[in-house]
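1. Structure of the sequence below:
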Amino acid sequence: MRVAYHREFQVRDELQRLSVEHFLPLKWSLRTYGGHLRRVQVPALNYIFVHSSQQAITELKMYNKELTNMRYKMNVHHDGSVPADIMTVSDKEMNNFMLATLHADHQLKYLTYTDFFEKEGRKVRIADGNFMGVEGEIKRIKKDRCVVVTIRGIAAVALQVPFDQLEFI
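-> From the prediction side, this is the model:
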């Protein structure tokens, strides 16, 4: 679900209160508060992933004032046409993305999906370290070799992982 900017935490808190399974990707950022520089977690994207049926989500949006800021993400084709179906993410793809973004540190960089759309990469699995079990593709991002983990059409992250921790799939 797309969330209006600066409403991500409000939506997350309400979904937690209602015990609705969800995931909000976060990243670390430096912010100034009262003249003091602080390292805080902020939403990495203006998306929140909700694990529920379309009917249940629609009812939540209609009857809960705190959740009116959520919008469905629609599938978009390469020619720019927008079909009438709502974008969904498979459990396998979501779990892989969550595992990759669980450790929001310096080894992780969020990408816009178009940054690497045309590039082909070799499929790998991370066999050791913080990101063990994550599957992605090796791609070059700004002259660095990274493991890129995607949610097709929505988001991607680039992980800087030592080559000896990778196994080819």
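
2. Next, the buried residues of the helix or strand hosting Met62.
-> Taking DSSP states H and E as the definition, one finds Met62 inside helix 54-63. The neighbour-count check on helix 54-63 (16 or more other CB atoms under 10 Å) flags Ile57, Leu60 as buried. All C-beta atoms are positioned from the backbone trio N, CA, C, and that covers glycine.

3. Render the CA-only coordinates of it in CSV, please.
-> Extracted in CSV, the C-alpha atoms of helix 54-63 (Å, rounded to 0.1, in the frame of the first residue of the first chain):
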residue,chain,number,x,y,z
GLN,A,54,-8.3,-6.9,-0.5
GLN,A,55,-11.8,-6.9,1.1
ALA,A,56,-10.4,-6.6,4.7
ILE,A,57,-8.0,-3.8,3.6
THR,A,58,-10.8,-1.9,1.9
GLU,A,59,-13.0,-2.1,5.0
LEU,A,60,-10.1,-0.9,7.1
LYS,A,61,-9.6,2.1,4.8
MET,A,62,-13.3,2.9,4.7
TYR,A,63,-14.1,2.7,8.4
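
4. Assign a three-state SS to the nearest residue to Glu14 once chain neighbours are set aside, would you?
-> Spatially, and ignoring its direct neighbours in sequence, Glu14 is nearest to Glu66 (3.9 Å; CB to CB, 6 or more residues apart in numbering). The three-state label for Glu66, taken from DSSP: H, G, I helix; E, B strand; the rest coil, comes out as helix.

5. quick one, domains of this protein?
-> What automatic domain parsing lists as the domains of the chain is 2-71, 91-168.

6. the residue most distant from the middle of this structure, which is it?
-> Gly35 (31.1 Å; CA atoms, centre = their mean).

7. In space, what's closest to Tyr110 - neighbours in sequence excluded?
-> Ala44 is the one closest to Tyr110 (CB to CB, 6+ apart), at 4.9 Å.
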